[in-house]
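Chemist: What follows is a predicted structure for the sequence shown.
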Amino acid sequence: MRVLKIFSLITAVLLLASCSLFRTRANYDTLPVAKLYSTAHNALSHGNYANAEKAYQRLIARFPYGKYNEQSQVDLAYAQYKDNNPEDAYATINRFIKTYPAHKHIDYAYYLRGLINFNRSSGFVQRLVSQDQSRRDQGYRLQSFDDFSQLTRRFPGSKYAADARQRMIYLRNGLAEHEINVAKFYFHHRLYVASAHRAQYVIEHYQRSPETGDALALLVRSYRKLGLDKLAQQSLAVLKLNYPHHPFLSDPNWPHYASIWMRMIPFTNHH
């Protein structure tokens, strides 16, 4: 008898939930645009991202024109981003940018697209074991840097510009560190031309990053291994002038092989 009561209670709860879901869907199809937007915005404000997505999507489908539609596209992208759906979020905000390039909130759209790419990477273990994933992560970082760059260039007075610039510095340093780790890998596998090219790339493209000193030191060692003594001396002079306390100057065997993997692991955990 007790089991029967429990079963009846569970059935009632499920029926109520089903009815509630049905009423919610029906409401989305009958509410006027302003009320539907308010419903979606309320769900978003309270962190109910799944319901917010459904409401925004229904509004966009039912009312394809007007200010509520335009704002809903931006809000939908944000809800998808917060709900950990980066692919959908990127597609939504990218479509908005292409459709409304002169929208009054276009600066935020670029900022949101940058955020989506900034966080668009897989888990820590997956990045360690997957070389292809590592390449994709770098692609996302490059795209994020470009998104933030477009924002700061086109809308330097935007309230999102200061945060975008800080993120660009972080991204630039991460990209430089990745290149240095690859250069070290090449060097310790005696691929000195490749290591020199990678080090030179860091010097040319990431001059203000902390890794510039490492790039110069690797360039010195690579040139020496290649028998390019004059270029090695020139690079050494620049290193001494700009980074007089770099560890290479006191330890000619820098970098040590084991330290490469210790430096690669923290970088793969960046978010």
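Modeler: Cool, the structure landed.

Chemist: Could you tell me which residues within whichever strand or helix holds Asn181 count as buried?
Modeler: Taking DSSP states H and E as the definition, Asn181 sits inside helix 161-188. Using 16 or more other C-beta atoms under 10 Å as the test for burial, helix 161-188 gives 161, 164, 167-168, 171-187. Quick note: C-beta positions are derived from backbone N, CA and C, even for glycine.

Chemist: Check which helices and strands that helix sits against.
Modeler: Using 3 or more C-beta pairs under 8 Å, 6 or more residues apart in numbering; DSSP states H and E, the elements in contact with helix 161-188 are helix 106-118, helix 131-154, helix 192-205, helix 212-225, helix 257-268.

Chemist: Which neighbouring elements make contact with the second one?
Modeler: Using 3+ C-beta pairs under 8 Å, 6+ apart as the contact definition, the elements that helix 131-154 packs against are helix 106-118, helix 124-129, helix 161-188.

Chemist: so Ile203 touches Ala217, yeah?
Modeler: No. Between Ile203 and Ala217 there is no contact under C-beta atoms under 8 Å: 11.0 Å.

Chemist: for the chain, which spans come out with low pLDDT?
Modeler: 1-26, 121-137, 257-271 (pLDDT under 70).

Chemist: Now do the contacts for the residue nearest in space to the middle of it.
Modeler: Closest residue to the average C-alpha location of the chain: Phe118 at 1.5 Å, with C-alpha atoms, centre = their mean. When the contact criterion is C-beta atoms under 8 Å, 6 or more residues apart in numbering, the partners of Phe118 are 140-141, 144, 167, 171.

Chemist: what's the most distant pair in those?
Modeler: Tyr140 and Arg167 (12.7 Å; C-beta to C-beta).

Chemist: how far away is Tyr201 from Ala183?
Modeler: According to C-beta to C-beta, to the nearest Å, Tyr201 and Ala183 sit 8 Å apart.

Chemist: go on, Asn27?
Modeler: Look at Asn27 and Ala183: by C-beta to C-beta, they are 59 Å apart.

Chemist: One more: Lys230?
Modeler: For Lys230 relative to Ala183 (C-beta to C-beta), the value is 21 Å.

Chemist: Over to Arg120?
Modeler: As judged by C-beta to C-beta, Arg120 and Ala183 stand 25 Å apart.

Chemist: out of Ile203 and Ala217, which sits in the more crowded spot?
Modeler: Ala217 (24 against 19; other C-beta atoms under 10 Å).

Chemist: my guess is the more buried one contacts Asn253, does it?
Modeler: No. Using C-beta under 8 Å as the test, Ala217 is too far from Asn253 to be in contact (11.0 Å).

Chemist: List the contacts of Arg165.
Modeler: 148, 152.

Chemist: could the helices and strands packed on helix 161-188 be laid out in JSON lines, adding distance to Lys82?
Modeler: Listed next are those as JSON lines, based on distance: least, C-beta to C-beta, whole Å:
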{"stretch": "helix 106-118", "distance to Lys82": "10"}
{"stretch": "helix 131-154", "distance to Lys82": "17"}
{"stretch": "helix 192-205", "distance to Lys82": "33"}
{"stretch": "helix 212-225", "distance to Lys82": "37"}
{"stretch": "helix 257-268", "distance to Lys82": "24"}
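
Chemist: Of all those, which one comes closest to Asp83?
Modeler: For Asp83, the closest of the helices and strands packed on helix 161-188 is helix 106-118, at 11.9 Å, according to C-beta to C-beta.

Chemist: And that closest one, how far out from the chain middle?
Modeler: Centre-to-centre, helix 106-118 and its host chain are 10 Å apart (C-alpha atoms, centre = their mean, to the nearest Å).

Chemist: any idea of the angle it forms with helix 161-188?
Modeler: If you take axes from the mean of the first three to the mean of the last three C-alpha atoms, to 10 degrees, helix 106-118 sits at 30 degrees to helix 161-188.

Chemist: Report the inter-axis angle for helix 106-118 versus helix 131-154.
Modeler: Using the same axes, to 10 degrees, helix 106-118 lies at 160 degrees relative to helix 131-154.
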